[in-house]
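In: Here's a sequence, model it:
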Amino acid sequence: MIEIVGHRQLTLFTVSRTAPTGLAYGEADPELVAAVMAAAELHADKHGWKRTQLVNARRVLRILLGRQDTPGAPISASDVLELNRTDKLAAQPALDVLDAIGMLEDDREPSVTAWFDAKLAEAYLPEPMVTELRAWFTVMKDGTTRPPRRRPRSHITIRVHAMWALPVLKAWAAAGTNSLREISSADVRAALPKSGSPRSTTGQGLRSIFKVLKGQKIIFTDPTARIRTGSHETRDPLPLTNLEELSNALNSTDPARAALTALVAFHGLRNHQLRDLLLTDKDGPRLRVGDRTILLAAPVRERLTSWLDHRTAGWPNSSNPYVFINAYTANRSRPVSGAYVSAVIRINTQAIREDRILHEAIATEGDIRRLCDLFGLSVAGAERYATVVGGELASADDDR
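Out: Numbers count the residues shown, from 1 in each chain. Alright, predicted model coming up:
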């Protein structure tokens, strides 16, 4: 049992602790070292680590424990990564062990912060406007408990809203605007595109910024209030054109590609649903996807079984609970990334899904209830497909 202390030993001054790879481990509590080493051994056994991974993790952990000012206190992720940067020691195995035993203080900066800083630097905005945008970013990223309360937004939402608003903000700055407090409703109306999705997206990005700043009392009025910007335009779902490539993916010798493609082509699973599938979700010929249970088609069962056989042969000791794993996640407990799924299938996942749903809509003459049940669509989502099918059926009747 490892006891994590709740206090910190204050330091008089900071000393650089970088050293050659062959450095001594330093003084550390022998009982704490023994407990952490035992935890690392258990973690390695549970996740099917190779011996070299365990040896590297133990070495990094010994160095970190020997450098602690407060024995038993959580170790910051930045200290672990510093060993990787300066001494070329593998950081990830040590991070995994520290996280598993509750000794990791994750002080890593989220990627969205570096992205936002880079965008502000590229925009060459005046300092008051930069300060206001940083205030918006902080509230969006961390939320606020001060009225009006706001929960943190996803990093994707932050990126999208910033990208939609930045062109207008740069134009205002170029025209001499120093602060967003100077912007009026007339300025917003003049900056908005006339119609369509450009007007909607630009308006949503600006409204996000001004609404937050008004709530935080950084600006006095919200110039986007009572300005209609419309809604985003939606495109009609289209059938897949490259059927030969789809056939190649379904019959690929790569079991991961064949299984992933089959789940999308037959059952219309989304990218995130593929990543989040757990081994316990498969129950014979059935597969649980969220709150739905899918009866797998025979070709899908065949390909999924082939993948699971390949998974067992390739990573026999892996305890990763997800159906789809790769060399990076096999010894961890996290799902594969969305980029991995796209790279393996090599066809746009959404395009395959839309093609499948469109074919079902045609076969059922736009039965909305059936589309909702089969693919987990909302009524509004199913209506997109039913509308397309209704138009095609009407055209066919006219031709007759």
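In: the strands in the protein, which residues?
Out: Using DSSP state E, the strands of the chain run over residues 75-76, 104-105, 282-283, 286-289, 292-295.
In: Can you point out the buried residues in the fourth one?
Out: Right, strand 286-289. For strand 286-289, a neighbour-count test (16 or more other CB atoms under 10 Å) marks 287, 289 as buried. To be clear about C-beta, it is placed using only N, CA and C from the backbone, and glycine gets the same treatment.
In: again with stretch 93-103
Out: So for stretch 93-103, counting by 16+ other CB under 10 Å, buried means 93, 94, 95, 96, 97, 98, 100, 101, 103.
In: And for stretch 209-225?
Out: In terms of neighbour count (16+ other CB under 10 Å), stretch 209-225 has its buried residues at 209-216, 218-219, 222-224.
In: follow-up on the earlier one: which of the buried residues of stretch 93-103 lies closest to residue 308?
Out: Distances from residue 308 to the buried residues of stretch 93-103, taken as CB to CB, are shortest for residue 96 (24.4 Å).
In: what's the neighbour count on the residue lying closest to residue 306 once chain neighbours are set aside?
Out: The shortest distance from residue 306 to any non-neighbouring residue, by CB to CB, 6 or more residues apart in numbering, is to residue 255 (4.6 Å). Counted with other CB atoms under 10 Å, the neighbours of residue 255 add up to 18.
In: per-residue pLDDT, residue 255?
Out: Predicted confidence (pLDDT) for residue 255: 97.
In: again, but for residue 111
Out: 90.
In: contact partners of stretch 246-254?
Out: Residues outside stretch 246-254 that contact it (CB atoms under 8 Å, 6 or more residues apart in numbering): 240, 257-258, 261-262, 265, 299, 303, 344-347, 352.
In: So for that stretch, what gets flagged as buried?
Out: Applying a neighbour-count criterion of 16+ other CB under 10 Å, one finds 246, 249, 250, 252 buried in stretch 246-254.
In: Could you check how far the second one is from residue 359?
Out: Remark: distance between residue 249 and residue 359 (CB to CB, to the nearest Å) = 17 Å.
In: so what are the domain limits for this structure?
Out: 30-105, 111-215, 243-389 (automatic domain parsing).
In: Include distance to residue 235 when you put those domains into a markdown table, please.
Out: Converted to a markdown table, those look like this (distance: least, CB to CB, whole Å):
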| stretch | distance to residue 235 |
| --- | --- |
| domain 30-105 | 41 |
| domain 111-215 | 10 |
| domain 243-389 | 9 |
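In: ok, back up a step: please dump the strands of the chain into TSV; it should also carry distance to residue 85 for every row.
Out: Rendered in TSV, the data for the strands of the chain read as follows (distance: least, CB to CB, whole Å):
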stretch	distance to residue 85
strand 75-76	14
strand 104-105	18
strand 282-283	41
strand 286-289	41
strand 292-295	45
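In: between the ones you listed, which one is nearest to residue 171?
Out: Using CB to CB, these put strand 75-76 closest to residue 171, at 41.6 Å.
In: Output the contacting helices and strands for that closest one.
Out: Contact here means 3 or more CB pairs under 8 Å, 6 or more residues apart in numbering; DSSP states H and E; on that basis strand 75-76 packs against strand 104-105.
In: how close does residue 66 sit to residue 32?
Out: For residue 66, the distance to residue 32 (CB to CB) stands at 10 Å.
In: Which residue in the contacts of stretch 246-254 has the weakest pLDDT?
Out: Lowest pLDDT among the contacts of stretch 246-254: residue 240, 89.
In: List the residues that contact it.
Out: 246, 347, 351, 352, 354, 355.
In: contacting residues for the third one?
Out: Read that as residue 351. Counting by CB under 8 Å, 6+ apart, residue 351 has contacts 238, 240.
In: can you give me the end-to-end distance of stretch 173-182?
Out: With CA to CA, to the nearest Å as the measure, stretch 173-182 spans 11 Å from end to end.
In: hmm, who's touching it?
Out: Counting by CB under 8 Å, 6+ apart, 123-126, 128-129, 132, 183, 187, 209-210, 213, 218-220 sit against stretch 173-182.
In: same thing with stretch 270-289?
Out: So stretch 270-289 is contacted by 260, 263-264, 267, 269, 290, 293-296, 301, 304, 321-324, 335-338, 341-342, 349-350, 353, 376 (CB under 8 Å, 6+ apart).
In: mind running it again at 7 Å?
Out: The contact list for stretch 270-289 (CB atoms under 7 Å, 6 or more residues apart in numbering) reads 260, 263, 269, 293-296, 301, 321-324, 335-336, 338, 341, 349, 353.
In: How about stretch 375-394?
Out: By CB under 7 Å, 6+ apart, the residues outside stretch 375-394 that reach it are 234, 236-237, 268, 290, 292, 357-358, 361-362, 365-366, 368, 371-372.
In: one more time with 6 Å
Out: Outside stretch 375-394, the residues that touch it by CB atoms under 6 Å, 6 or more residues apart in numbering are 236, 237, 268, 292, 357, 358, 361, 362, 366, 368, 371, 372.
In: Centre of the chain to it, how far?
Out: Between the centre of stretch 375-394 and the centre of its chain there are 29 Å (CA atoms, centre = their mean, to the nearest Å).
In: can you start the count at 560 instead of 1 from here on
Out: Got it, the first residue is 560 from now on, which makes the last one we talked about stretch 934-953.
In: which parts of that stretch are buried?
Out: Going by 16+ other CB under 10 Å, stretch 934-953 has these buried residues: 934, 935, 936, 940, 941, 942, 943, 944, 945, 947, 948.
In: re the thing from before, of the domains of the chain, which is nearest residue 789?
Out: domain 670-774 (4.9 Å).
In: pLDDT on stretch 777-786, on average?
Out: Taken as a whole, stretch 777-786 carries a mean pLDDT of 94.
In: what sits up against that stretch?
Out: Contacts to stretch 777-786, defined as CB under 6 Å, 6+ apart, come from residues 691, 694, 739-740, 742-744, 747, 765-766, 769-770, 772-773.
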